[in-house]
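Colleague: From the sequence below, what's the structure:
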Amino acid sequence: MLLRSRRRVASIPRRRSRAWPDRLAALPEEILHDILVRLPANSVLRCRAVCRSWRRLASDPAFLLDHHLRQPELALIRSYRASDAADTLPCIEALHIRAAEFRPFFGFPGQFGTHFPARASCDGLFVVGQCICNPTTRQWAPLATGPSPHAGTVVALYRHQPSREYRVLYWTRWTPDGNWSSPHAYCVLTVGTDQPRNVGYPVDSWRRGIHIFGAPVLVNGTLHLHWRERPGVRYHRILAFHTVTETFRHMSPPAAVEPRHAMQLLDMGGRLAASISKDDMTGLSIFVLQDQEHDVWTYHYQIKLPVIDNMHFQQEQGNCWAKIVSDEQDLLVSFYGHLLHCDKKGNLVANFKFDDDMPVVLPHRLKESLIQHTFFQKKKTPEDEEEKSIPVVLLEI
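Modeller: Take a look at the predicted model:
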């Protein structure tokens, strides 16, 4: 009798209350915009399902651009601390510095392998192999629409402001017309086309080759590349590429940097800066470019790293690395078993422990973007690759 009564009560449909959705729908659009634009991308996608007016607002191109500009830059950390102890493949996580939390990072394993070897990034987009992809929306597309141009090494992905096109800068031994080039030819490929252009021969290293360190730093429309020659005395060098005129010029690094020092270029409030550290990695010296025309650098300040546990031993062994990962000069220090977050004064803010592992801070950062691009013909996921496989041969090292 009791069971029958329960079934009878459960079978009565509940009247759906519309008071709460009605109150939300009545919010002024400017207030709703101010709320939604501060949410992470996955929350915005959920909010689109609330009602038609929310979906219209959260899909508007102006809203998507504003949302992207407000998103924090997340440091990408590679480690082996997977949930399955038997899994020896590395995983990539996005670290939110202010929230002190790790977020999962979608790496398109079906197309690009488990390592997600990003070659370049810009505005939340990544170049991986011969594809461009957006980890936030899980979309990807080939860089070139037609036959693949000659293979080369990706240098940067950038947005050409006059045309609003995304373009890839790479160097290769082959010119776009198929001729052997000495020295290396630097070429530009507009994403979604198959016509690369030769933009010059800025580095005369046809025998030795070059090695580019970290990700290029974009300051005032110019990409700054930190590079060295592969063999011999490896002096630090800087190559500047103007993204509008697509021309090169060589720059001098700070006079204090020596070949054995570690150097990192960074953007400090719209000015090019460089951090320099010695072999022992006990601190970083920060220099700022004051006169771009004459390459005049000035000493700004120094960060002294904190010492915990076996960090001193790791410094002596050369297994300690420090990188500035934000516009506020937040510092991430990685060594065996630990990832330290320090502020610009070297004060320890957080200590993330990695058991039996050494975390690696990748050169690229993630700034989530829901902006739609024409070169993404449709949303593709790793499941789609079970039906169609794309060879990864373009622009690989």
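Colleague: got any ranges where the stretch 101-250 of the chain has weak pLDDT?
Modeller: 107-116, 146-151, 174-183, 204-209, 230-233 (pLDDT under 70).
Colleague: now do the stretch 251-397 of the chain
Modeller: Along the stretch 251-397 of the chain, segments meeting pLDDT under 70 span 279-280, 309-319, 356, 378-397.
Colleague: What ranges does it have for its strands?
Modeller: 262-268, 271-277, 283-291, 296-304, 321-324, 331-335, 338-342, 348-353, 360-366 (DSSP state E, counting those that start in this stretch).
Colleague: Using JSON lines, lay out these together with distance to residue 156 and mean neighbour count.
Modeller: Just so you know, the C-beta spots here come from the backbone N, C-alpha and C atoms, and that holds for glycine as well. Listed next are the strands of the stretch 251-397 of the chain as JSON lines, based on distance: least, C-beta to C-beta, whole Å; neighbours: other C-beta atoms under 10 Å:
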{"stretch": "strand 262-268", "distance to residue 156": "12", "mean neighbour count": "20"}
{"stretch": "strand 271-277", "distance to residue 156": "15", "mean neighbour count": "22"}
{"stretch": "strand 283-291", "distance to residue 156": "19", "mean neighbour count": "18"}
{"stretch": "strand 296-304", "distance to residue 156": "22", "mean neighbour count": "14"}
{"stretch": "strand 321-324", "distance to residue 156": "18", "mean neighbour count": "22"}
{"stretch": "strand 331-335", "distance to residue 156": "22", "mean neighbour count": "24"}
{"stretch": "strand 338-342", "distance to residue 156": "27", "mean neighbour count": "21"}
{"stretch": "strand 348-353", "distance to residue 156": "30", "mean neighbour count": "14"}
{"stretch": "strand 360-366", "distance to residue 156": "11", "mean neighbour count": "19"}
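Colleague: Nearest approach to residue 55 belongs to which of these?
Modeller: Of all the strands of the stretch 251-397 of the chain, strand 360-366 sits nearest to residue 55, with 25.0 Å by C-beta to C-beta.
Colleague: Now do that closest one and strand 331-335, the angle between them.
Modeller: Relative orientation of strand 360-366 with respect to strand 331-335: 150 degrees, computed using axes from the mean of the first three to the mean of the last three C-alpha atoms, to 10 degrees.
Colleague: what's the angle between strand 360-366 and strand 338-342?
Modeller: Per the same axes, to 10 degrees, the angle that strand 360-366 makes with strand 338-342 is 50 degrees.
Colleague: May I have the strands that pair with strand 360-366, each with its orientation?
Modeller: strand 74-79 (antiparallel) (DSSP bridges).
Colleague: Quick check: buried residues in the next helix or strand after the strand it pairs with?
Modeller: Sequence-wise, the next helix or strand downstream of strand 74-79 (DSSP states H and E) is strand 91-96. Neighbour-count burial for strand 91-96, counted by 16 or more other C-beta atoms under 10 Å, picks out 91-95.
Colleague: ok, of these, which one's closest to residue 218?
Modeller: Among these, residue 94 lies closest to residue 218 (C-beta to C-beta), at 20.2 Å.
Colleague: Checking residue 238 next. Helix, strand or coil?
Modeller: strand (DSSP: H, G, I helix; E, B strand; the rest coil).
Colleague: follow-up on the earlier one: looking at the buried residues of strand 91-96, which one is closest to residue 201?
Modeller: Using C-beta to C-beta, the buried residues of strand 91-96 come closest to residue 201 at residue 92, 35.0 Å.
Colleague: And the closest one, what's its pLDDT?
Modeller: According to the prediction, residue 92 has pLDDT 86.
Colleague: what are the bridge partners for it, then?
Modeller: According to DSSP bridges, beta-bridge pairing links residue 92 with residue 78.
Colleague: Repeat that for residue 276.
Modeller: Going by DSSP bridges, residue 276 is paired in beta bridges with residue 263, residue 285.
Colleague: Give the pairing partners of the helix or strand where residue 159 lies; include direction for each.
Modeller: Per DSSP H and E: residue 159 is located in strand 153-160. As defined by DSSP bridges, the strand partners of strand 153-160 come to strand 165-174 (antiparallel).
Colleague: who's in contact with the strand it pairs with?
Modeller: Applying C-beta atoms under 8 Å, 6 or more residues apart in numbering, the external contacts of strand 165-174 come out as 120, 122-123, 125, 127, 132, 143, 150-160, 180-182, 184-191, 199, 203, 223, 241, 373, 375, 395.
Colleague: For ChimeraX, what selects the buried ones among those?
Modeller: Buried subset of the contacts of strand 165-174, written as a ChimeraX selection, criterion 16+ other C-beta under 10 Å:
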select :120,122,123,125,127,132,143,150,152,153,154,155,156,157,158,159,181,184,185,186,187,188,189,190,191,199,203,223,241,373,375,395
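Colleague: what's residue 195 sitting at in phi/psi?
Modeller: Main-chain dihedrals, residue 195, degrees, to the nearest 10: phi -120, psi 80.
Colleague: what's the spacing between it and residue 188?
Modeller: Distance from residue 195 to residue 188, counting by C-beta to C-beta, to the nearest Å: 10 Å.
Colleague: Do you have the helices of the stretch 51-200 of the chain handy? List them.
Modeller: With DSSP state H, counting those that start in this stretch as the criterion, the stretch 51-200 of the chain has helices at 52-58, 61-70, 109-112.
Colleague: Pipe those into TSV and attach mean neighbour count and distance to residue 138 per row.
Modeller: Below are the helices of the stretch 51-200 of the chain laid out as TSV (neighbours: other C-beta atoms under 10 Å; distance: least, C-beta to C-beta, whole Å):
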stretch	mean neighbour count	distance to residue 138
helix 52-58	16	17
helix 61-70	15	16
helix 109-112	18	11
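Colleague: Include distance to residue 212 when you put those into JSON lines, please.
Modeller: Converted to JSON lines, those look like this (distance: least, C-beta to C-beta, whole Å):
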{"stretch": "helix 52-58", "distance to residue 212": "38"}
{"stretch": "helix 61-70", "distance to residue 212": "26"}
{"stretch": "helix 109-112", "distance to residue 212": "20"}
